[in-house]
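J.: this one's sequence-less:
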C-alpha cells in the first residue's frame with residue numbers, strides 16, 4: 001500500500017484541502033449547502049426580474065433581503081446546537097407570547113392579521129418564527145425520551161403543535177398555520193411513530209374534515225375548496241388565478257416562449273405573478289426544462305439537508321435537521337402543486353424565488369441551524 005504520510009508530504013493537495021476544510025469549519029459554514037442556496041437565490045432574482053416587468057427596485061430589494069438572510073444564517077450557524085436545545089422551551093414561550101400580541105395589536109395585510117408593526121422598527125411576522133421554533137421544541141422534548149414515543153408523549157407533542165397553529169389560524173393565515181403544523185408533525189414522524197398511529201390519524205382527519213367544512217370553515221376557505229374541485233364554477237372570480245396559471249404553464253411547452261416573452265404574466269393575466277404564482281411565469285418563459293432546472297436546484301439543497309440530518313451526532317440534531325429539510329420540501333411541493341391546480345390555493349410563496357420578506361429570512365434561519373448541526377462538534381461522517 002502507498003504510505004499515506006508520504007502522499008501528504010509530497011503533494012500539496014492534502015494540505016490545501018485540509019486548510020480549506022478548516023477554513024469553512026472555522027466559519028461554521030457548510031460549502032455544499034451554501035453553494036446550493038446561492039444558486040437558488042441567483043436564479044430567483046433572474047426569474048423575478050421578468051415576473052416584475054423589469055422592476056429593478058423590486059429586484060434590488062429582494063437581493064438585499066436575501067443578503068440580510070444570509071447574514072442571519074451565518075450568525076445562527078455560530079451558535080452551538082446545544083445552545084438551541086437549552087433555550088428551545090424559552091423560545092417557544094416567547095413565540096406564543098408574540099402570537100398573542102399579534103392578535104391584540106397586530107396589523108392587517110392581505111386579509112391576515114399576522115404582522116407586528118411598532119414605531120421605529122421594521123414590521124415582522126412572528127408566525128414565521130414558529131416554523132423552526134415548533135420543531136426545535138418537539139426535538140428537545142422527544143430526544144430525551146424513549147423512542148418510538150409513547151402515547152402520553154404523543155399527546156403532549158400534539159398539544160405543542162396545535163396551540164401555535166391554532167393561534168395562527170385565528171390570525172386568518174391558513175398557509176403559515178399549515179406549515180407550522182407540518183414542521184412539528186415531521187419531528188414526530190422522524191421520532192419513529194408507529195405506522196398504525198399515522199394511518200389512524202390520517203383517517204381521523206378524513207372523518208373530521210366534513211364537520212370542519214360545514215361548521216368551522218370560513219366562507220373564503222369554502223370557496224377555495226370548491227374552486228379546487230371546479231375552477232370554472234367562478235372563472236372570473238375565485239377560479240381566475242388558477243385558470244390563468246394553468247394556461248401559462250401549458251402554453252410554455254417544453255422549451256418556453258423565451259425570457260421576458262410570457263404573455264400571461266406581462267399582459268397581467270396572472271395576479272400575484274411575482275409572489276405566489278411566479279412558477280407559472282417560469283413555466284411559460286422557460287417551459288418544462290426551466291421547471292426541471294429549478295427542481296434540480298431544490299433537490300441539491302434537499303439532499304444536502306438530509307445528509308446533515310443523517311450524519312448528525314445526537315437525536316436532537318437529527319430530528320431538528322430532518323424536520324427543517326422536510327419542511328423546506330413541503331414548502332416547495334405545496335406551492336408547485338397549488339400553482340398547477342393539484343392542491344387548493346393557500347397563499348404560500350415559492351421559496352427563494354417568489355418576492356417575499358420575513359419568510360426568506362426565516363428560511364435562512366433554518367439553513368443556519370442546519371449549518372450549526374453540521375459544523376459544531378464531530379459528526380459521524382465528514
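T.: Okay, I see it. Computed from a prediction, not measured in an experiment: that's the story for all the values here. Numbering: from 1, shown residues only.
J.: so where do the strands sit in the stretch 1-150 of the chain?
T.: Along the stretch 1-150 of the chain, counting by DSSP state E, counting those that start in this stretch, strands occupy 107-109, 112-115.
J.: now the shortest one: how far from the chain's centre is it?
T.: Here the centre of strand 107-109 is set off from its chain's centre by 22 Å, with C-alpha atoms, centre = their mean, to the nearest Å.
J.: kindly report the same for stretch 48-61.
T.: Counting by C-alpha atoms, centre = their mean, stretch 48-61 comes out at 22 Å from the chain centroid.
J.: do me a favour and get the end-to-end distance for it?
T.: Its first and final residues considered, stretch 48-61 spans 11 Å by C-alpha to C-alpha, to the nearest Å.
J.: what residues does that stretch touch?
T.: 45, 62, 259-260, 262, 265-266, 273-274, 278, 281-282, 285, 353-355 (C-beta atoms under 8 Å, 6 or more residues apart in numbering). Where C-beta positions appear, they are placed from N, C-alpha and C, glycine not excepted.
J.: pull out the buried members of the residues you listed.
T.: Using 16 or more other C-beta atoms under 10 Å as the burial test, the contacts of stretch 48-61 include 45, 62, 262, 265-266, 273-274, 278, 281-282, 285, 353-355 as buried.
J.: any chance of these in JSON lines, plus secondary structure and pLDDT?
T.: Listed next are the buried ones among the contacts of stretch 48-61 as JSON lines, based on DSSP: H, G, I helix; E, B strand; the rest coil; pLDDT from 0 to 100:
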{"residue": "45", "secondary structure": "helix", "pLDDT": "95"}
{"residue": "62", "secondary structure": "helix", "pLDDT": "95"}
{"residue": "262", "secondary structure": "coil", "pLDDT": "82"}
{"residue": "265", "secondary structure": "helix", "pLDDT": "78"}
{"residue": "266", "secondary structure": "helix", "pLDDT": "79"}
{"residue": "273", "secondary structure": "coil", "pLDDT": "84"}
{"residue": "274", "secondary structure": "coil", "pLDDT": "87"}
{"residue": "278", "secondary structure": "helix", "pLDDT": "92"}
{"residue": "281", "secondary structure": "helix", "pLDDT": "92"}
{"residue": "282", "secondary structure": "helix", "pLDDT": "94"}
{"residue": "285", "secondary structure": "helix", "pLDDT": "93"}
{"residue": "353", "secondary structure": "coil", "pLDDT": "94"}
{"residue": "354", "secondary structure": "coil", "pLDDT": "92"}
{"residue": "355", "secondary structure": "coil", "pLDDT": "90"}
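J.: buried sites along stretch 54-64?
T.: Buried, per 16+ other C-beta under 10 Å, within stretch 54-64: 58, 59, 62.
J.: sorry, that was for stretch 146-159
T.: Applying 16+ other C-beta under 10 Å to stretch 146-159 flags 149, 153, 154, 157 as buried.
J.: any chance of those in TSV, plus distance to residue 86, secondary structure and pLDDT?
T.: Putting the buried residues of stretch 146-159 into TSV (distance: C-beta to C-beta, whole Å; DSSP: H, G, I helix; E, B strand; the rest coil; pLDDT from 0 to 100) gives the following:
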residue	distance to residue 86	secondary structure	pLDDT
149	21	coil	89
153	20	helix	91
154	24	helix	91
157	20	helix	94
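J.: which one of those residues is nearest to residue 29?
T.: residue 157 (32.2 Å; C-beta to C-beta).
J.: might one say that that closest one is in contact with residue 140?
T.: No - under the criterion of C-beta atoms under 8 Å, residue 157 is not in contact with residue 140, lying 11.0 Å apart.
J.: and for those two, which residues touch both?
T.: By C-beta under 8 Å, 6+ apart, no residue touches both residue 157 and residue 140.
J.: just the buried residues of stretch 103-116, please?
T.: Buried residues in stretch 103-116 (16+ other C-beta under 10 Å): 106, 112, 113, 114, 115, 116.
J.: start and end of it, how far apart?
T.: OK, stretch 103-116 end separation, C-alpha to C-alpha: 10 Å.
J.: other residues contacting it?
T.: Under the criterion C-beta under 8 Å, 6+ apart, residues 98, 101-102, 117, 123-127, 167-168, 170-173, 176, 220, 347 lie in contact with stretch 103-116.
J.: next: stretch 241-250.
T.: Contacts of stretch 241-250 (C-beta under 8 Å, 6+ apart): 227-228, 231-232, 235, 262, 264-265, 269-272, 277, 279-281, 283-284, 339-341, 345.
J.: circling back: make TSV out of the buried residues of stretch 103-116 and add distance to residue 371 and pLDDT.
T.: Converted to TSV, the buried residues of stretch 103-116 look like this (distance: C-beta to C-beta, whole Å; pLDDT from 0 to 100):
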residue	distance to residue 371	pLDDT
106	32	73
112	31	69
113	34	71
114	28	76
115	28	77
116	28	76
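J.: low pLDDT regions in this structure?
T.: 1-21, 110-112, 118-122, 213-217, 377-382 (pLDDT under 70).
J.: spatially central residue in it, please.
T.: Compute the mean C-alpha point of the chain, and by C-alpha atoms, centre = their mean the closest residue is residue 328, 3.7 Å away.
J.: which stretches of the stretch 201-350 of the chain form helices?
T.: Applying DSSP state H, counting those that start in this stretch to the stretch 201-350 of the chain gives helices spanning 219-229, 240-252, 263-266, 278-311, 315-340.
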